[in-house]
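Student: A predicted structure for the sequence below; I have some questions about it.
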Amino acid sequence: MASKVDFTTDEWARLLSSPMVAGMAITAADPSGVWGLLKEGMASSWSLLEARQNAQANALVRAVAEDFTTPEGRSAARGALQTRFTGETLGGLKDKAIAELRAISGVLQSKAPDDAPAFKAWLQDVARKAAEAGTEGGFLGFGGVAVSESEKATLAEISAALG
């Protein structure tokens, strides 16, 4: 089983930021107002908490979730996000997030091939939860859909990027 010591500092920071990247891709695909944005953003945080508390979770997933609770881990994740996404427009954010997930998939395949399938499945689950978190369309929360067509397409792109 892979752990933090199997990755470079940059690779580990990318793994730490990966749940937020998955959520960002969904949010950028179909921005859904302030309330929806908050719900979709919180989905990544809840996924980290769930992974940390789940004794059945993959060891690498738990290690990332555990390290994210430290100030150093959060700082590393924030730095990885700033390095890769600062100055990005909303229009380019989704594509950049998909590209980052593809790169993370490559890191997992090369450094942690035994853990890669479970970690990628977890990231897909994070993205799905973000997509389901906010209602899209409608008026004042009525008449919308749980997952928009844009979000469904982005979930498919995430799945393809993660392999």
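Tutor: Nice, I can see it.
Student: where along this protein do the helices fall?
Tutor: Here the chain has its helices, by DSSP state H, at 9-29, 33-53, 59-68, 71-85, 90-111, 116-133, 149-162.
Student: Pick out the shakiest of the ones you listed, pLDDT-wise.
Tutor: Mean pLDDT per stretch puts helix 33-53 lowest among the helices of the chain, at a mean of 79.
Student: Report the angle between that helix and helix 149-162.
Tutor: Counting by axes from the mean of the first three to the mean of the last three CA atoms, to 10 degrees, helix 33-53 lies at 40 degrees to helix 149-162.
Student: what helices or strands is helix 33-53 leaning on?
Tutor: Here helix 33-53 touches helix 9-29, helix 59-68, helix 116-133, going by 3 or more CB pairs under 8 Å, 6 or more residues apart in numbering; DSSP states H and E. Backbone N, C-alpha and C define where each C-beta goes, glycine included.
Student: what distance separates that helix from the centre of its chain?
Tutor: 10 Å (CA atoms, centre = their mean, to the nearest Å).
Student: Which positions in that helix come out as buried?
Tutor: 36, 39, 40, 41, 43, 44, 47, 48, 50, 51, 52 (16 or more other CB atoms under 10 Å).
Student: mind putting those in CSV, distance to residue 123 included?
Tutor: CSV is the format used below for those (distance: CB to CB, whole Å):
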residue, distance to residue 123
36, 21
39, 19
40, 15
41, 16
43, 12
44, 10
47, 9
48, 12
50, 13
51, 11
52, 15
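Student: If we only consider those residues, which is nearest to residue 13?
Tutor: residue 48 (14.8 Å; CB to CB).
Student: Not counting its neighbours along the chain, what's nearest that closest one?
Tutor: residue 65 (4.7 Å; CB to CB, 6 or more residues apart in numbering).
Student: Test my guess that that neighbour contacts residue 58.
Tutor: No: counting by CB atoms under 8 Å, residue 65 stays clear of residue 58, with 10.1 Å between them.
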